[in-house]
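Novice: Fold the following.
(one chain, ligands or ions: 3)
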Amino acid sequence: MQMDIQMIGTGSAFAKAYYNNNALLHCDSQTLLIDCGLTAPTALHQMGIPLNRIHGILISHIHADHIGGLEELAFQYLYKYKIKVPLFIAEDLAEPLWNNSLRGGLEQEDFRQLSDYFEVRPLAPGVPQEIFPGLKIELMQTDHVPNKKSYSMLFNDSFFYSADIVFSPKLLEHLVRERGVRTLFHDCQLHEPGLVHASLSELLTLPDDIQSRIRLMHYGDDRSEFEGRTGRMSFVEQHRIYSV
Ligand SMILES: Nc1ccn([C@@H]2O[C@@H]3COP(=O)(O)O[C@H]3[C@H]2O)c(=O)n1
Ligand SMILES: [Zn+2]
Ligand SMILES: [Zn+2]
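Specialist: Ligands and ions are numbered 1, 2, ... in the order given. Here you go, the predicted model:
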């Protein structure tokens with residue numbers, strides 16, 4: 001099954017020259033929005049993509065650069081488009097997404113839960129599930145902020161898309177060597193210390209055959225200073241379409 005991915009933004013949480021690190025995954029005639037940060041409504045608007053061209057939204061974790069645009073999408077789907085779009089999310093994140101983040105803006109008479117706005121589709125981590133015809137997703141719990149749930153994604157056993165994730169060399173080697181993953185889109189903190197992200201210098205310690213499959217995203221505004229300093233890895237370009 002042909003899959004294409006297009007980042008609507010490739011920036012870190014604090015980037016201003018790039019939109020938040022969110023993506024459109026196109027598979028057959030279906031389009032999945034991966035994360036929906038604060039800048040997602042503007043990014044989609046500037047790309048000329050109306051919200052009714054998105055057939056599902058998948059959330060990796062609860063940080064504003066990944067969920068901050070959901071309130072606007074919820075209101076637009078309710079009042080402008082009058083549709084309910086599937087919202088795919090790890091089963092243990094649905095309740096905190098509503099109670100800790102969205103409820104303040106979205107709760108109103110007759111609209112008191114996430115499922116009043118979205119077709120909520122909880123996903124069990126580690127259990128592959130076909131969410132659209134020909135598109136299988138497996139959520140993988142990965143480390144980000146200590147004691148905060150965050151889920152990376154494996155699509156059709158071949159394409160890994162990291163949530164925000166600390167350097168996890170064993171996982172990356174397992175994915176490539178044992179699970180046959182061909183392409184990895186990986187977040188990258190250009191400057192030390194990575195803290196809650198993998199830093200570029202950490203990623204540069206990976207073997208060449210792993211690096212050559214990695215494309216870097218979620219980077220800061222000074223990315224240009226790091227051109228040519230990313231080993232066998234390359235930067236993902238915002239808006240470019242990649243076959244994966
Ligand atoms: N414990 C934390 C929590 C957050 N942060 C910074 O805040 C950003 C929130 O979005 P992010 O993309 O996860 O990146 C986080 C860190 O830059 C951080 O550096 N340490
Ligand atoms: Zn982030
Ligand atoms: Zn994060």
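Novice: What residues does this structure have near ligand 3?
Specialist: Residues of the chain lying close to ligand 3 (Cβ under 5 Å from the ion) are H63, D164. Glycine gets a C-beta too; all of them are placed from N, C-alpha and C.
Novice: what about the residue of the chain found nearest ligand 1, distance to ligand 2?
Specialist: Nearest to ligand 1, among the residues of the chain, is A13, at 3.3 Å (Cβ to the nearest ligand atom). Going from A13 to ligand 2 by Cβ to the ion, to the nearest Å gives 5 Å.
Novice: give me phi/psi at that residue?
Specialist: Per-residue torsions, A13: phi -60, psi -30 (degrees, to the nearest 10).
Novice: I figured it was touching A64, is that so?
Specialist: Yes. Between A13 and A64 there is a contact at 7.2 Å, judged by Cβ atoms under 8 Å.
Novice: Which strand residues bridge the nearest residue in space to S243 that is not next to it in sequence?
Specialist: Counting by Cβ to Cβ, 6 or more residues apart in numbering, the nearest residue to S243 once its immediate chain neighbours are dropped is D4, at 5.5 Å. Note on D4: beta-bridge partners by DSSP bridges are H26, S243.
Novice: Quick one, grab the pLDDT at D4.
Specialist: Reported pLDDT at D4 in the predicted model: 98.
Novice: and what of M1?
Specialist: M1 is given a pLDDT of 80.
Novice: burial of it, as a residue count?
Specialist: By other Cβ atoms under 10 Å, the residues close to M1 number 12.
Novice: check contacts around it.
Specialist: The neighbourhood of M1, defined by Cβ atoms under 8 Å, 6 or more residues apart in numbering, consists of C27, D28, G134, L135, N156.
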